[in-house]
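Student: Compute the structure for the input listed below.
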Amino acid sequence: MLWCVPGRVGGSEEYFVRQLSGLNEIAAPFDITVFAPLGFSDAHPEIAQSFRVVESTHSCERREVRVVTENTWLAKQTEKFDLVHHGGGTIPSRGNNKTLLTIHDAQYLTYPEYFGAVKLAYLRNRVPSALRRATAVATPSEYVRKTLIDSFDVPAEKISVVRHGVLPHIGQGATSEIELRNKFGLGNSRILFMPAITHPHKNHEFVLRMLASAWKDSSIKLVMAGGVGLGETRVNEVISELGLGDRALRIGRVDAADRDGLIKMSVALVFPSLYEGFGAPALEAMALGTPVIASNCASLPEVIGDGGLVLPLEEAVWAGALTEVHARRDELVRRGHARADLFTAANSAQDLCRAYEYALGTAS
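Tutor: Sure thing, here's the model as predicted:
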C-alpha cells in the first residue's frame, strides 16, 4: 500500500482500509503484513492494532519516490513472502513472483483527455505490463473486470471482483445536523449532497444546471464536498454564470464524521458521474438511509441496482427526480438498505480471500 498516502488518494484508501478491517472481522486464514507510507499507522491506528504495519522511510507522495521504493526496499522486504498484493494498479518491475494486482478502474481508456500527458503515458505503459505479469487480478466491479478482459485480452478466470464494503458502524460517529448547519451556514435549506473531487468526469456542471433550471426552488442548496480537481475552475465559472453563489456551496474535503452527517441530513445524494470504477459514495448513502440519484454510467447501475434512482444524463429525465424521491422516500430507503447489505466489509474480505486463494493456487 505504498501508493496509499493518507488523505490523498480518496476512495481507494477507504476501499483497502475497510477490506483490512473485514479480514480482521472474519479472522482470515492469512498472515498479513501491510507495507505502507510513512505516517500510515497514525492515520489508521485500528489497522496498526490488528496487523503488522511496516512503514517506508518516505511519505511516498511523489510517484518517482514510490516507484523506486517498490523496486528496491519493498522487493527486498517481501522476497520470501508467499504472495504480494499490489493495490495501486501497477506492479513494480522487481519483486515476488506471485502477485495479486488490484485495478480500481480503467478510466484512462475511456476518457484519456482527463489525464495529463505524463500520467497517461505512465498508465499506457505500466498497466498492460502489470496485467501480463500479475498472477491474479482484482477489480471492484464487473464493469471494470469486463473492460480489462475486452481491452487487454486477459483470461477471464484470472480476474475476480472484490466488491467495496462498508463497516458495521458506519454513521455512528456522524456529526449532528445542527452542528453541520452552523458549521457550513446551511440555515434551514433542504440539502442535496455531492461528495466528489472536481475532476471533469464527476460532472458537477450537470447538477449545477439542474439547480438553475428544474430545481430552482431557493430552499434547496447543493453542498459539494471534495478536493480540488482538474475541473475546479470550470465548476466555479458555472456557479458564477448561473448565479448560484448562494445555493451551490464548495466546502472542500471533509472528514468521515462530517461526510456521514451530511449524507444523513440530505434530501438525496446526487452522483451524475460519467465514469466510476465502483462509486463508493452511492453505497455509503444507501447504507446511511439516504436516497441516491445517480447517472447510469459505467459501474453505477451494477452497484446501485434497485436501491436508488439510476437515470440517463438528460435534464428532462432528472427534472422530476426530487419529486420522485419525495414520493418514494420510504421505499427507496428500504431498497437502499437491502442493497447496501450486500456490500459489507466482511463480504469484501471474503471476496479478497478467494482472490488470494486463486493466486496461491489453493482455490478449491
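Student: So what are the structural domains in the chain, by residue number?
Tutor: With automatic domain parsing as the criterion, the domains of the chain are listed as 11-167+345-360, 177-340.
Student: any chance of the ones you listed in TSV, with mean neighbour count and mean pLDDT too?
Tutor: Any C-beta I mention is one placed from the backbone N, CA and C, and that applies to glycine too. Output for the domains of the chain, formatted as TSV (neighbours: other CB atoms under 10 Å; pLDDT from 0 to 100):
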stretch	mean neighbour count	mean pLDDT
domain 11-167+345-360	18	94
domain 177-340	19	97
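Student: Distance to Leu2 added to these, as a markdown table?
Tutor: Output for the domains of the chain, formatted as a markdown table (distance: least, CB to CB, whole Å):
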| stretch | distance to Leu2 |
| --- | --- |
| domain 11-167+345-360 | 5 |
| domain 177-340 | 20 |
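Student: For Met1, find the nearest of the ones you listed.
Tutor: Minimum separation from Met1 across those (CB to CB) falls at domain 11-167+345-360, 4.7 Å.
Student: measure the closest one end to end?
Tutor: End-to-end distance of domain 11-167+345-360: 27 Å, with CA to CA, to the nearest Å as the criterion.
Student: Run the chain-centre distance for it.
Tutor: 14 Å (CA atoms, centre = their mean, to the nearest Å).
Student: What of stretch 215-226?
Tutor: 23 Å.
Student: List of residues touching that stretch?
Tutor: 184, 186, 188-198, 202, 204, 207-208, 211, 235, 244, 247-254, 258-259, 262, 266-267, 270, 319, 322 (CB atoms under 8 Å, 6 or more residues apart in numbering).
Student: Quick one: the strands in the stretch 151-300 of the chain, in order.
Tutor: 159-161, 190-195, 220-225, 248-252, 268-271, 292-295 (DSSP state E, counting those that start in this stretch).
Student: Now the phi/psi pair for the closest residue to Trp73 other than its chain neighbours, please.
Tutor: Once flanking residues are discounted, Trp73 sits nearest to Ser56: 6.4 Å by CB to CB, 6 or more residues apart in numbering. The phi and psi values for Ser56, taken as degrees, to the nearest 10, are phi -70, psi 160.
Student: Am I right that Ser56 is in contact with Ala36?
Tutor: Yes. Counting by CB atoms under 8 Å, Ser56 touches Ala36, with 7.2 Å between them.
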